[in-house]
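>>> okay, predicted coordinates and the sequence, questions at the end:
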Amino acid sequence: MIYKIKFSSEEADGFRRVFEADGDATFLDLHKAILESVGYPDNQMTSFFLCNDRWEKEQEITLVEMDSNFEYDNMVMEQTALRDIIEEDGQRLIYVFDPMFERHFFGRVVEITSGQIEGVQCVESKGKAPKQLKELDPLSAGISTKSGKGDLGLDEDFYGDSEFDEGDLDMEGFQDLSFEDGSMF
C-alpha cells in the first residue's frame, strides 16, 4: 500500500508538505522525511498523535519509549509501521515538532493506493515552515523598564522594594531562629 499524507500548519499560511509512504515504512521514516522537508534538526522529543474527527489526540507514537498511558499502548516510531496504524483515507494525525509549546503540523491521509515505493518521499513542498522552536526570553518576560510600566501596566517598584527599610523590620520573635545549630532539621 502507498499512503499519501498531507501536512499543514495553522502558523504559516500556504505551508504544505505532501508525502507518499510505503506501508512498510515506519513513523520514524515519516518523522525523518518531515524534518528534512522543513530543514529542522533532529534534536527534539517529537511525537505523532492519531486524532479523531475533531482533532482530539488519541494514540501517541513517541520517538523513544516512554511510560505508557493506561488508555493506549506505548508505541515507538521506529517499531511502528504505517500499515499497522493507518487504516483509511481521512485518518487524522498531528506531528508535534515543538514539544515545549506543543506546536504541531496537522496531517491527513488523503489517499491510500495499492503498490509499493521506497520508504517515504516528499512529493509536494509549498510555503515556508514556521520556526521549529519558539523563543522565550525569561529575562524580559514582557516587562519593559523604559517607561517604568510593563505590558501589564505595573510600576517598576510594584512590590515596594524601593521603599523597604531594614529598620522597619520587627526582629522580636526571630531571635530563636538559628540555622547554625541544625535545630531546623
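The structure has been received and is ready for your questions.
>>> who does the residue nearest to Leu93 when sequence neighbours are not counted form a beta bridge with?
Nearest non-adjacent residue to Leu93, counting by Cβ to Cβ, 6 or more residues apart in numbering: Gly107, 4.4 Å away. No exception for glycine: its C-beta is placed from N, CA and C like everyone else's. Note on Gly107: beta-bridge partners Phe7, Leu93, judged by DSSP bridges.
>>> Met75 reaches Val64, doesn't it?
No. Using Cβ atoms under 8 Å, Met75 is not in contact with Val64, being 11.4 Å away.
>>> which one of those two has more residues nearby?
Between Met75 and Val64, Met75 has the larger neighbour count (other Cβ atoms under 10 Å), namely 20 against 9.
>>> tell me where this structure has strands.
2-8, 16-22, 47-51, 57-62, 75-76, 92-98, 103-113, 120-126 (DSSP state E).
>>> list the buried residues for the helix ranked longest in the chain?
Assignment by DSSP state H gives helix 27-38 as the longest helix of the chain. Neighbour-count burial for helix 27-38 flags Phe27, Leu28, Asp29, Leu30, His31, Lys32, Ala33, Ile34, Leu35, Ser37, Val38 (criterion: 16 or more other Cβ atoms under 10 Å).
>>> now the fifth one, nearest residue through space, not along the chain?
Which is His31. The spatially closest residue to His31, leaving aside those adjacent along the chain, is Met77, at 5.6 Å (Cβ to Cβ, 6+ apart).
>>> pretty sure the one you found contacts Leu63?
Yes. The pair Met77 / Leu63 is scored as a contact, 5.6 Å apart, by Cβ under 8 Å.
>>> common neighbours of these two, please.
Leu28, His31 (Cβ atoms under 8 Å, 6 or more residues apart in numbering).
>>> could you chop the chain up by domain?
What the record gives for the chain is the domain set 2-126, 137-165, from automatic domain parsing.
>>> now the weakest link among these, please, by mean pLDDT.
Mean pLDDT values for the domains of the chain show the minimum at domain 137-165, a mean of 50.
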